[in-house]
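Q: Sequence first, then the predicted structure, then my questions.
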Amino acid sequence: MKNTILTIAIVAATLLPAAAGAKAPKAKKTKAPVVENTVNNERDSIQAIADKAKAGDADAQNEVGIWFYKGDNGQTQDYKKAAEWFSRAARQENAQAIGNLALCYQKGHGVETDSITALKLYIKSLKEDNKNLLANKTKSAQKGVVFDN
């Protein structure tokens, strides 16, 4: 039941302003770093992203968080570290990281499960113009999944 209420709230929060003709403020657009596919450049690119993340680059911090979340690019899957990296980027208003951190709170990955915090973060991510999040949640809702597990 909680999951249904949260999904309805997320969809309502994103669709009501559009339906009322209100325009959401434009947020900064961020692009995730691209990792090269070539063997020689891949290691250099991964290290470059890691260095940028340590230096405070929000996009790179989100990317490193994804590595830990999925266990990619030589990182062991570690939800706690993923949540920490997402949190660093989220403090800089990175929309994707805010959405990723919301997922951590929704599922209890690396943080204590907290559906209220997850909802607040999802809404904030959507307000920051996270189009991927909106598309994914809309697609899930169209399939009848109101709050994916």
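A: Looks like it came in fine.
Q: and the gap between the closest residue in space to E93 that isn't next to it in sequence and A102?
A: The shortest distance from E93 to any non-neighbouring residue, by C-beta to C-beta, 6 or more residues apart in numbering, is to E128 (6.2 Å). To be clear about C-beta, it is placed using only N, CA and C from the backbone, and glycine gets the same treatment. Applying C-beta to C-beta, to the nearest Å, the value for E128 to A102 is 12 Å.
Q: Ok, W85 next?
A: In terms of C-beta to C-beta, W85 sits 14 Å off from A102.
Q: Regarding N62, which helix or strand does it belong to?
A: Element membership for N62 (DSSP states H and E) is helix 58-70.
Q: Give me the residues contacting that helix.
A: Helix 58-70 is contacted from outside by 30-33, 49-53, 72-79, 81-86, 88-89, 92-94, 96-97, 100, 104, 109, using C-beta atoms under 8 Å, 6 or more residues apart in numbering.
Q: Which among those residues count as buried?
A: The neighbour count (16 or more other C-beta atoms under 10 Å) marks 30, 33, 49-50, 52-53, 73, 75, 78-79, 81-86, 88-89, 92, 94, 96-97, 100, 104, 109 as buried among those.
Q: Tell me, how many residues neighbour S87?
A: 18 (other C-beta atoms under 10 Å).
Q: now do D44
A: D44, neighbours per other C-beta under 10 Å, totals 11.
Q: how would you label Y122: helix, strand or coil?
A: Secondary structure state of Y122, per DSSP: H, G, I helix; E, B strand; the rest coil, is helix.
Q: returning to that earlier point: which one's more surrounded, E128 and A102?
A: Higher neighbour count among E128 and A102: A102, with 27 against 23, using other C-beta under 10 Å.
Q: measure the nearest residue to D78 once chain neighbours are set aside to N94 for me?
A: With C-beta to C-beta, 6+ apart as the criterion, D78 has its nearest non-adjacent residue at 4.8 Å, and that residue is F68. From F68 across to N94, the span is 16 Å (C-beta to C-beta).
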